[in-house]
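Peer 1: pasting a predicted model and its sequence here:
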Amino acid sequence: MAKAKSDKPVNNGVNVEALFGAQEALKNAPEAAKFKWRSTVEWINGTHSRSTIEGFYGLGAEQKHKKKFTFDADHPEIFAADDKSATPVEIVLASLASCLTAGVAAVAQARKVQLRSVSATLEAGMDVRGILGMDEDVRNGFDGIKVTYKIDADASPEDIKAIVAQSQKRSAVYDIITNPTNVSVEVA
Amino acid sequence: MSSQLAARSIDHVVLERGEIANTWRTERWESLTLLTPNWQSRLPGFGYEGGDPHGFRTMPETIAFLERYAKTVLPPLRTHCAVTSVRRSAVGYEVVTAQATWHCKAVVLATGAFNIAQVPALAQSVPPRIAQLTSAEYRNPGCLEQGGVMVVGAAASGAQIADEIHRSGRPVTLAVGEHVRAPRTYRGRDIQWWMDATGLNDERYDQVENLRRARSLSSFQIAGYPDRRDIDLNALTSLGVKLVGRLAGIQDGKAQLSGSLRNLCELADLKQNRLLNTFDEWAAKNGVNGAVDPPHRPEATRVEASPPLGLDFGRAGIRTVLWATGFRPDYSWLDVAVLDPKGNIRHDGGVVTEAPGLYVMGLPFLRRRKSSLIDGAGDDARDLSAHLAAHLGARSDGVGAAVADA
């Protein structure tokens, strides 16, 4: 287990006591642990769309973010689009990166490791003949994702690796990407 | 426990559903050995006196060992006496068997945690032409069809069975979930020598950092073969076993495999190295560096660059799926409301505090890391029998306990 080198209290801005408290509270209330995440989308024009995220369900009640968040998506000009925003697949990479990085901070806090800087670059390969319908043997999605972290922290390289590995183990987006999920799309 | 109760003059009976060492006789595969070396099966007043202290008992040897111990303790044993119900009564507990009903002030559950083979729900989606069996039903490779075998689960059972089946000429695909990697031998000493000498096996349940996690960890990925070979994932890969990610789903007759293989292997490698660091630090501090070989680190687990994410059972030539996905306890006969939503008994170091007079033994990390080993039974029985004696004392003397054994 990693240990901080100095006696200064470790502060990565993560309230792990609250997280451990939530674990304790949910132990005997499994229903409260059932969340529903929601997003709505409006088509704007071409490949440009705008998603809005505000409400979600959890702890047995409807919940709301502090404000409404919007996320645009589009495609680049080489796809004959207007490039008003990042592509949906890039947003998937951003989701994975944010989820893993939040995990790094939380795990480091729980292990009393002070982080000084955390950054990562992500790259995913894709053969676009899949989405263009040119070859049925080529999948639409990524053929793999490579994430490379650079972390400066009060811990040995081994302990830093262990924090990153544990973050993957507990990451929702990592799980969503690495394991199959049933998706049902209907027209109301 | 019976020997401890006898030493405290507590009147009791031991109820056994079959014969001594019943699980070993009826629910395990033929080549299985104890995973702890002979010297480590230390029961109070009864240890190993043979000429191979570092060897591993075969199944018949384990049965004979437990029979010999029973002859020294002479417990008041009723064999072929399966318990069908335990419930609270005016005296304490009523224990019902087909032959008789017992009324006692205390009951010790010693039925263990490995009663029912756990099979994931997705087993229902395995194509019907593929044979399926669990590690509890498996006996030897000869009972399987010729052809490929998918072994699901890479803890001690899954890795040993994968090793044995692949060597029989049936190509094995091993679906790897979370696992605890460990070398059989480190710096010239058995892993269990290190666990014992460093005090890790004696670590108490009220001292360990994350008890829930410690209790749910799978067993070391090791075997007790005479040649002491490792059966970690690198050893299996060298043998020709194909490693794939966790079996995440089955759709249209095809296995869906998780993309998490690399991380699970990394987690296991890092965890193994932390354990070996602990051993090295202990060796340096206690001046035993001269008595053991120099430190080394096993090669990191080799994972192919892009492990497959799907697998067509038919095209891959898989004829059998073998579930080595763990066990759960069977408390179907326990009519006392002390189970958590996952079906595990709630207890404090073996004392079922919600039901005074009820005790449990032999579960993972019950009171100590060694609680599920033969080596751990003595200390746990001593502690729990003291608690039990105090409980009986508080309730005036008289008829004591029933011990329901595995």
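Peer 2: Everything's here; your move. Owing to the predicted nature of the structure, the values given are computational and were not obtained by experimental measurement. Numbers count the residues shown, from 1 in each chain, chains lettered A, B, ... in the order given.

Peer 1: where do the helices of chain A begin and end?
Peer 2: Ranges of helices in chain A, per DSSP state H, are A:16-27, A:88-110, A:157-169, A:172-178.

Peer 1: who in chain A is up against chain B?
Peer 2: Selection of chain A residues close to chain B by Cβ under 8 Å from any Cβ of the partner chain yields A:1, A:30, A:143-144, A:158, A:161-162, A:165-166, A:168-169, A:174-175, A:177-180. Bear in mind the C-beta positions are built from the backbone N, C-alpha and C, glycine included.

Peer 1: separate out the buried members of the residues you listed.
Peer 2: Neighbour counting by 16 or more other Cβ atoms under 10 Å in any protein chain shown classes A:Lys161, A:Ala162, A:Ala165, A:Gln166, A:Gln168, A:Lys169, A:Tyr174, A:Asp175, A:Ile177, A:Thr178, A:Asn179, A:Pro180 among those as buried.

Peer 1: nearest to chain B among the residues you listed?
Peer 2: A:Thr178 (3.6 Å; Cβ to the nearest Cβ).

Peer 1: quick one, helices of the stretch 201-350 of chain B?
Peer 2: B:211-216, B:233-239, B:261-285 (DSSP state H, counting those that start in this stretch).

Peer 1: can I get these in JSON lines with mean neighbour count?
Peer 2: Conversion of the helices of the stretch 201-350 of chain B to JSON lines gives the following (neighbours: other Cβ atoms under 10 Å in any protein chain shown):
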{"stretch": "helix B:211-216", "mean neighbour count": "13"}
{"stretch": "helix B:233-239", "mean neighbour count": "18"}
{"stretch": "helix B:261-285", "mean neighbour count": "18"}
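
Peer 1: dump those helices into CSV; add mean pLDDT and distance to chain A as well.
Peer 2: Below are the helices of the stretch 201-350 of chain B laid out as CSV (pLDDT from 0 to 100; distance: least, Cβ to the nearest Cβ, whole Å):
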stretch, mean pLDDT, distance to chain A
helix B:211-216, 92, 9
helix B:233-239, 98, 16
helix B:261-285, 97, 4
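
Peer 1: those helices: which one's closest to A:Asp74?
Peer 2: A:Asp74 lies closest, by Cβ to Cβ, to one member of the helices of the stretch 201-350 of chain B: helix B:261-285, at 32.3 Å.

Peer 1: starting at the chain centroid, how far to that closest one?
Peer 2: Centre-to-centre, helix B:261-285 and its host chain are 21 Å apart (Cα atoms, centre = their mean, to the nearest Å).

Peer 1: quick one: it to helix A:157-169, angle?
Peer 2: Angle of helix B:261-285 versus helix A:157-169, following axes from the mean of the first three to the mean of the last three Cα atoms, to 10 degrees, is 140 degrees.

Peer 1: which other helices and strands contact helix B:261-285?
Peer 2: If contacts are counted by 3 or more Cβ pairs under 8 Å, 6 or more residues apart in numbering or on different chains; DSSP states H and E, helix B:261-285 sits against helix A:157-169, strand B:172-176, helix B:191-197, strand B:242-245.

Peer 1: quick one: the residue of the stretch 51-200 of chain B found nearest chain A and B:Gln124, what's the gap?
Peer 2: Closest approach of the stretch 51-200 of chain B to chain A (Cβ to the nearest Cβ) occurs at B:Glu178, with a separation of 8.2 Å. The gap separating B:Glu178 from B:Gln124 is 23 Å, by Cβ to Cβ, to the nearest Å.

Peer 1: between the two, which has more neighbouring residues?
Peer 2: Higher neighbour count among B:Glu178 and B:Gln124: B:Glu178, with 16 against 9, using other Cβ atoms under 10 Å in any protein chain shown.

Peer 1: pretty sure that one sits against B:Leu264.
Peer 2: Yes: here B:Glu178 reaches B:Leu264: they are 5.9 Å apart, a contact under Cβ atoms under 8 Å.

Peer 1: circling back: closest one to B:Leu373 among the helices of chain A?
Peer 2: helix A:157-169 (27.1 Å).

Peer 1: which strands and helices sit next to the closest one?
Peer 2: Against helix A:157-169 (3+ Cβ pairs under 8 Å, 6+ apart) you get helix A:88-110, strand A:144-153, helix B:261-285.

Peer 1: just for the chain, where's the confidence low?
Peer 2: Defaulting to chain A. A:1-7 (pLDDT under 70).

Peer 1: let's do chain B instead
Peer 2: Looking at chain B by pLDDT under 70, you get B:394-406.

Peer 1: again, only this time at 90
Peer 2: Where chain B drops to pLDDT under 90, the residues are B:21-27, B:44-45, B:47-50, B:98-99, B:114, B:209-210, B:218-219, B:251-253, B:341-342, B:393-406.

Peer 1: contact residues of it facing chain A?
Peer 2: B:209, B:245-246, B:248-249, B:251, B:256, B:258-260, B:263-264, B:266-267, B:270-271, B:273-274, B:306, B:341.

Peer 1: rewinding a little: for the helices and strands packed on helix A:157-169, give me CSV that also has distance to B:Ala214.
Peer 2: Below are the helices and strands packed on helix A:157-169 laid out as CSV (distance: least, Cβ to Cβ, whole Å):
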stretch, distance to B:Ala214
helix A:88-110, 16
strand A:144-153, 26
helix B:261-285, 13
